[in-house]
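>>> What follows is a protein structure lacking sequence information:
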């Protein structure tokens, strides 16, 4: 059970870094790629401090739906500005 956190960390980092390499060869990215990158935004921002060639926003986006997905994903993970009820 002690390795569970390590395994989750490795999977999370791999899921952030592998698409970074793959998107360059596929061309345009869409809604689902934007959603995933928006969700992983805080982790990508942290990794950007370590690896300077890491991008937090996809360079090969030319669709409106990528931007919509990115914003939805980022707001979902950051909190979206909702007020806590007391």
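Structure received. Worth saying up front: this structure is predicted, and the values here are computed from it rather than measured.
>>> what's the nearest residue to residue 34 if we skip its chain neighbours?
residue 69 (2.9 Å; C-beta to C-beta, 6 or more residues apart in numbering). C-beta coordinates here come from the backbone N, C-alpha and C atoms, glycine included.
>>> tell me the contacts of residue 38?
The contact partners of residue 38, by C-beta atoms under 8 Å, 6 or more residues apart in numbering, come to 69, 70, 71, 72, 73, 74, 75, 76, 77.
>>> Among these, which ones are in helices?
Of these, the ones assigned to helices by DSSP state H are 69, 70, 71, 72, 73, 74, 75, 76, 77.
>>> Tell me the one of those residues nearest residue 42?
residue 77 (6.3 Å; C-beta to C-beta).
>>> For the protein, which segments count as helices?
Going by DSSP H, the chain shows helices at 3-26, 31-39, 41-50, 64-78.
>>> Deepest-packed of those helices, please.
helix 31-39 (a mean of 20; mean count of other C-beta atoms under 10 Å).
>>> Specify the angle between that helix and helix 64-78 in degrees.
30 degrees (axes from the mean of the first three to the mean of the last three C-alpha atoms, to 10 degrees).
>>> can you tell me which residues contact the residue nearest to residue 39 when sequence neighbours are not counted?
In space, residue 39 comes closest to residue 73 once its chain neighbours are excluded; the distance is 4.1 Å by C-beta to C-beta, 6+ apart. Taking C-beta under 8 Å, 6+ apart, we find residue 73 in contact with 34, 35, 36, 37, 38, 39, 40, 41.
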